[in-house]
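the following comprises the amino acid sequence and a computationally predicted model.
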Amino acid sequence: MEYLVSEAYIHIKGIRIVGEFRFEKLGSERYVLRVDGCVWASHIHAELKPEDVTCPFALLAMSIFEKVLNGKVRVADSEYFKTGTRTRIELL
């Protein structure tokens, strides 16, 4: 899983739409995805003030988790900040 995470980060950072894309492991099947420096965050988050919505980058990460692990993840809402998001990813 750590290899997958590092490869995803390399590709996403390479296209320069986020500054930071990292996972923190909370437990055996629980992670937090941190996205920071998103090119759209400064105006989208401030103007739309999203609530009860999952960050598109988190949805992408969740789909990768499901494909690689051949399982399902719980779709969780993201916490939105001025320049990024925080989203819990939990395998079911």
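Right, received. Where do you want to start? Numbers count the residues shown, from 1 in each chain.

name the spans of this protein whose pLDDT lies under the cut-off.
1-14 (pLDDT under 70).

for it, what spans make up the strands?
Under the criterion DSSP state E, the chain contains strands at 20-27, 30-36, 73-74, 79-80, 84-91.

the third one: how far from the chain's middle?
Pointing back at strand 73-74 there. Distance of strand 73-74 from the chain centroid (CA atoms, centre = their mean, to the nearest Å) equals 13 Å.

and the contacts of that strand?
Strand 73-74 is contacted from outside by M62, F65, E66, I89, E90, L91, L92, using CB atoms under 8 Å, 6 or more residues apart in numbering. Using the backbone N, CA and C atoms, a C-beta is placed for each residue, glycine as well.

now stretch 41-53
Applying CB under 8 Å, 6+ apart, the contact partners of stretch 41-53 are D77, S78, Y80, F81, K82, T83, G84, T85.

what is the residue nearest to F65 when sequence neighbours are not counted paired to in the beta sheet?
In this structure, F65 finds its nearest non-sequential neighbour in V73, 5.3 Å apart by CB to CB, 6 or more residues apart in numbering. Listed beta-bridge partners, V73: L91 (assigned using DSSP bridges).

so V73 versus V18, what's the distance?
Noted for V73: a distance of 20 Å to V18, by CB to CB, to the nearest Å.
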